[in-house]
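Colleague: Next one to model:
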Amino acid sequence: MTAKYEEAIKFFTMKRWDSALHSFQEVDASSFSPEEKADYAYYLGLCYAKLERYNDAVLYLEQVTSVNGGNLRIYQCRLTLAFIYLSTRRYKLAEFELDRLAKSGFHSVQIYTMLGYSAWCQKDNVKAVRFYEKALEIEANNTTAMNSLGFILAETGEDAKRGVELCKKAVEKRPTCPAYLDSLGWAYYKTGELTEARSYLRRALDLAPRQKEISKHMKVLVGDAS
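Modeller: Residues are numbered from 1 along each chain as shown. Modelled structure (predicted):
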């Protein structure tokens, strides 16, 4: 390992992504073994992902996932690829990566919450609920799964009261999270409890005044309450 490579890894460990990327780019990888090239691609891919340079990230992360094996590094790369695809609305590609992980024996909260989000974005509420339920089977107090499932149950009217309870639990664990406060406020709105809805939506809006979804929910509430 060269001094420049060691420097790059040091910056990476410190989460100084710009500096790490710059140092990795100065490394001469032409004589690397296949294993060393996979490591190099791994670090470059994650640096690009952290800097939201997603096209570059995909290029390198896919090099790592093409290597046979089921180790944790490949798990991390596939999960990062899925996140990138979800962020760029390429839902089928995200599901491909997540399905590959599940079929390889990985069953984590992250996989099922991401599958749930993908299904929700594609308006498949039944699948979304099923995936979030699976996430809660793995980790009963996972706030992402509780909040997301609660929101869907309230929004669709499938079980609005349970939706309130799930969103409430998420807020209890993270009381200053605008997204969770918004979900709870909207769940209360869906059950007709407008006073509680206004309280939580106002708190959410105070914390995130530029968040369009929260503003939209407050406008709907004010319109109905006037």
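
Colleague: Surely Cys177 touches Val171?
Modeller: Yes - under the criterion of Cβ atoms under 8 Å, Cys177 makes contact with Val171 at 7.3 Å. In short, each C-beta sits where N, CA and C put it, glycine included.

Colleague: Please name every helix or strand in contact with the lowest-mean-pLDDT helix or strand in the chain.
Modeller: Using mean pLDDT, DSSP states H and E, helix 212-225 stands out as the lowest-scoring helix or strand of the chain, at a mean of 89. Here helix 212-225 is seen to pack against helix 178-190, helix 194-207 when contacts are counted using 3 or more Cβ pairs under 8 Å, 6 or more residues apart in numbering; DSSP states H and E.

Colleague: Any buried residues in it, and which?
Modeller: Neighbour counts using 16 or more other Cβ atoms under 10 Å place Ile214, Ser215, His217, Met218, Leu221 of helix 212-225 among the buried residues.

Colleague: ok, now stretch 139-153?
Modeller: 139, 142-153.

Colleague: sorry, back to before: including distance to Lys50, could the buried residues of helix 212-225 go into CSV?
Modeller: Output for those, formatted as CSV (distance: Cβ to Cβ, whole Å):
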residue, distance to Lys50
Ile214, 27
Ser215, 29
His217, 31
Met218, 33
Leu221, 37
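
Colleague: Mind pulling up the pLDDT for Ala160?
Modeller: Per-residue confidence at Ala160 stands at 93 (pLDDT).

Colleague: ugh, wrong one, I meant Gly105
Modeller: With respect to pLDDT, Gly105 has a value of 87.

Colleague: What strand or helix carries it?
Modeller: Using DSSP states H and E, Gly105 sits in no helix or strand.

Colleague: Might you list the low-confidence residue ranges for this structure?
Modeller: 1, 68-70, 224-226 (pLDDT under 70).

Colleague: residue ranges of the helices in it, please?
Modeller: Ranges of helices in the chain, per DSSP state H, are 3-13, 17-25, 34-50, 54-65, 72-87, 91-103, 109-121, 125-138, 143-156, 160-173, 178-190, 194-207, 212-225.

Colleague: okay, these, which one's buried deepest?
Modeller: Among those, helix 178-190 has the highest mean neighbour count (mean count of other Cβ atoms under 10 Å), at a mean of 26.

Colleague: now that helix: how far from the chain's centre is it?
Modeller: Centroid separation between helix 178-190 and its chain, computed with Cα atoms, centre = their mean, to the nearest Å, is 19 Å.

Colleague: Give me the contact list for that helix.
Modeller: For helix 178-190, contacts defined as Cβ atoms under 8 Å, 6 or more residues apart in numbering pick out 143, 147-148, 150-151, 153-155, 157, 160, 163-164, 167-168, 170-171, 174-175, 194, 196-205, 207-208, 211, 213-214, 217, 220-221, 224.

Colleague: Fine by me, we can end here.
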